[in-house]
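Asker: Next input, structure requested:
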Amino acid sequence: MKRLMTSLAVGVAALTIATGVHAGATLDRVMEKKAMVVATNSGWPPQSYLDDSNEMVGFDIDVSKEIAKRLGVEVSFETPEWATLTGGRWQGRYDVGVGSVTPTKARSQVIDFAGIYYYSPYVYVLHKDSTAKSVEDLKGKVIGVETATTSEDFVNRKLEIDAPGLPPIEYKLEPGEVRTFADSMLPFDDLRLGAGVRLDAVIAPEQTALNAIKNGYPLRILEGEYAFREPLVVIAEKVDPEWTAKIGGILEEMKKDGTLGALTTKWYGKDYSTD
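Answerer: Reported below is the predicted structural model:
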């Protein structure tokens, strides 16, 4: 973990030198307006979603509000398409992205990583009546994943997490067909119809799967078999290293004082704030 945060800090410092002409632009805007616009997702419980009152709630929402509180600014939320959120070139529409983003090598070319704020194990999710007992039992089966995510990269054996110190990813799964979905809950909606009706399994974050099961989806997690484990980062547009470093410092404070551990436990039932 120390090696990883050092790497992130070095990257931010290098970027500050390379793009000093832009330094402070986002930070100045946020502090002058006393308002921060967060890009996130509106359909990914329990990370971020609309409740019955049409209010944004979830782990990422609470993290965003805490960052804003420590900055002394108000917070509002925008929900762009995932490819837009992770693709950079925001042109000032959003100040920061808090959407459980994985730091991949491709993304590092277009957005800044402010810092890791929690870790997420990805699991194989089955219908409760599925007879599968191991990854080998899913060979040749139909697997569902959310599009433009690390789940899709993993199932296609193209996942490259940009986080030093993590063990290499093992690709044991040999799917027969991969089906992609525009939203994180849509694969579960197909899987709940029955084992093999539309899907045989879904690859998703453990937190999302447990939340679906908690809400009555007739699913189960394949025991003893993580697909992979990933760090999640808060992101920023590649224009203001000073702002990126500011957010990174706040995340470190939240980690050290136990805030991130408390928030992951609140929403996920476990402390996912450390590796």
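
Asker: Angles on the backbone of residue 41, please.
Answerer: phi -120, psi 140 (degrees, to the nearest 10).

Asker: That one contacts residue 60, doesn't it?
Answerer: Yes. Contact criterion C-beta atoms under 8 Å: residue 41 and residue 60 qualify, at 7.5 Å. For glycine as for every other residue, the C-beta is placed from the backbone atoms N, C-alpha and C.

Asker: Which one's more surrounded, these two?
Answerer: The neighbour comparison of residue 41 against residue 60 (other C-beta atoms under 10 Å) goes to residue 60, with 29 against 25.

Asker: hmm, back to that, list residues touching both of residue 41 and residue 60?
Answerer: Each of 47-48, 99-100 lies in contact with both residue 41 and residue 60 under the rule C-beta atoms under 8 Å, 6 or more residues apart in numbering.

Asker: In strands, which of the residues you listed fall?
Answerer: 48, 99-100 (DSSP state E).

Asker: Tell me the buried residues within those residues.
Answerer: Buried residues within these, counting neighbours by 16 or more other C-beta atoms under 10 Å: 48, 99-100.

Asker: Make TSV from the residues you listed and add distance to residue 139 to it.
Answerer: Listed next are these as TSV, based on distance: C-beta to C-beta, whole Å:
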residue	distance to residue 139
48	34
99	32
100	29
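
Asker: Now the lengthiest strand in the chain: buried residues?
Answerer: Scanning the chain for the longest strand, with DSSP E as the assignment, gives strand 219-237. For strand 219-237, a neighbour-count test (16+ other C-beta under 10 Å) marks 219-222, 225, 227-228, 230-237 as buried.

Asker: got it, and stretch 33-47?
Answerer: 36-41, 44-47.

Asker: can you check stretch 115-132 too?
Answerer: 115-127, 130, 132.

Asker: between those residues, which is closest to residue 152?
Answerer: Relative to residue 152, the closest of the buried residues of stretch 115-132 is residue 122; by C-beta to C-beta it sits at 11.4 Å.

Asker: any idea which element that closest one lies in?
Answerer: Taking DSSP states H and E as the criterion, residue 122 maps to strand 111-127.

Asker: partners of that strand in the sheet?
Answerer: Sheet pairing of strand 111-127 (DSSP bridges) gives strand 201-205 (antiparallel), strand 219-237 (antiparallel).

Asker: pretty sure residue 243 is touching residue 27, no?
Answerer: Yes. Under the criterion of C-beta under 8 Å, residue 243 is in contact with residue 27, at a separation of 4.2 Å.

Asker: Could you check which of the two is surrounded by more residues?
Answerer: Taking other C-beta under 10 Å, residue 243 and residue 27 do not tie; residue 243 has more neighbours (25 against 19).

Asker: can you pull the contacts of the more buried one?
Answerer: 24-27, 30, 95-96, 236.

Asker: Mark which of the residues you listed are buried, thanks.
Answerer: Buried among the contacts of residue 243 by 16+ other C-beta under 10 Å: 26-27, 30, 95-96, 236.

Asker: can you list the residues you listed in JSON lines and add pLDDT?
Answerer: What follows is those, written out as JSON lines (pLDDT from 0 to 100):
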{"residue": "26", "pLDDT": "96"}
{"residue": "27", "pLDDT": "96"}
{"residue": "30", "pLDDT": "97"}
{"residue": "95", "pLDDT": "98"}
{"residue": "96", "pLDDT": "98"}
{"residue": "236", "pLDDT": "98"}
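
Asker: Which ones among those map onto strands?
Answerer: Under the assignment DSSP E, the buried ones among the contacts of residue 243 contribute 96, 236 to strands.

Asker: which residues does residue 251 contact?
Answerer: So residue 251 contacts 67, 114-117, 234, 260 (C-beta under 8 Å, 6+ apart).

Asker: quick one: which of those is nearest residue 158?
Answerer: Distance to residue 158 across the contacts of residue 251 (C-beta to C-beta) is lowest for residue 116, with 21.7 Å.

Asker: Quick check: closest non-adjacent residue to the closest one.
Answerer: residue 231 (4.5 Å; C-beta to C-beta, 6 or more residues apart in numbering).
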